[in-house]
Structure formats: C-alpha cells, structure tokens
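Chemist: This is the structure alone, sequence omitted:
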C-alpha cells in the first residue's frame, strides 16, 4: 500500500491518472497546473518509487504501474483561528 498526500503534486498526478487513463504527458501537465520543472521532478520521484511509467518516443504516455494507492489529507493547510478575547472595560479614575 502506497500512501500519498492528496494535495501534493504527486498526489494530484496519481489522482488524474486514476481518472484519466491513458494520458499523455502534456495532458496531465496541463491538468495539474504546475511549472514544467516541478512536474518533471514529481514524475521522476514517482518513477523511482515504482508508481508511474513513461512510454513512447514522439508522444510520452504516463502509465500507472501500481494501483494500491491510499490518499490522505495533510492537516497543514490552514491554521486555526486565535480565539477572540472579550475587551475589558476599564473603570479607573483616569477615564471616569
């Protein structure tokens, strides 16, 4: 079982390949919407992990080599709001 964060570039690539298969390099790259070098690095990481294969000479096709993928969400997106403390009224002699 391979766990991946669904918000990461790798997670988005794998999610697209699960839905849209077979897919070309350009289709997935435009669907993910990240710079070309970041996309290429993510594909290389997925190839090293044995998740994705790249086939073809003129047109590169991305293929899934494993389908036992578990997507999870990371909790790092939003920070919790700070509680708003009630303002204390000052009844001192200076403002009285």
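Modeler: Okay, I see it. Model, not experiment: these values are computed from the prediction. Residues are numbered from 1 along each chain as shown.
Chemist: contacts and neighbour counts: CA atoms only from here.
Modeler: Will do.
Chemist: all helices in the protein, in order from the N-terminus.
Modeler: Assigned by DSSP state H, the chain shows helices spanning 9-19, 25-32, 36-48.
Chemist: Out of the ones you listed, which one sits most buried?
Modeler: helix 9-19 (a mean of 18; mean count of other Cα atoms under 10 Å).
Chemist: what's next to that helix, contact-wise?
Modeler: Residues outside helix 9-19 that contact it (Cα atoms under 8 Å, 6 or more residues apart in numbering): 4-6, 23, 28, 31-32, 39, 42-43, 46, 62-64, 71.
Chemist: tell me the mean pLDDT over that helix?
Modeler: Averaged over helix 9-19, pLDDT sits at 91.
Chemist: what pairs with the nearest residue to residue 21 once chain neighbours are set aside across the strands?
Modeler: Of all residues not flanking residue 21 in the chain, residue 63 sits nearest, at 7.6 Å (Cα to Cα, 6 or more residues apart in numbering). Beta-bridge pairing for residue 63 (DSSP bridges): residue 53.
Chemist: how many neighbours does residue 63 have?
Modeler: A count of nearby residues for residue 63, using other Cα atoms under 10 Å, gives 19.
Chemist: that older thread, could you export the helices of the chain as a markdown table, including distance to residue 86?
Modeler: Below are the helices of the chain laid out as a markdown table (distance: least, Cα to Cα, whole Å):
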| stretch | distance to residue 86 |
| --- | --- |
| helix 9-19 | 42 |
| helix 25-32 | 45 |
| helix 36-48 | 46 |
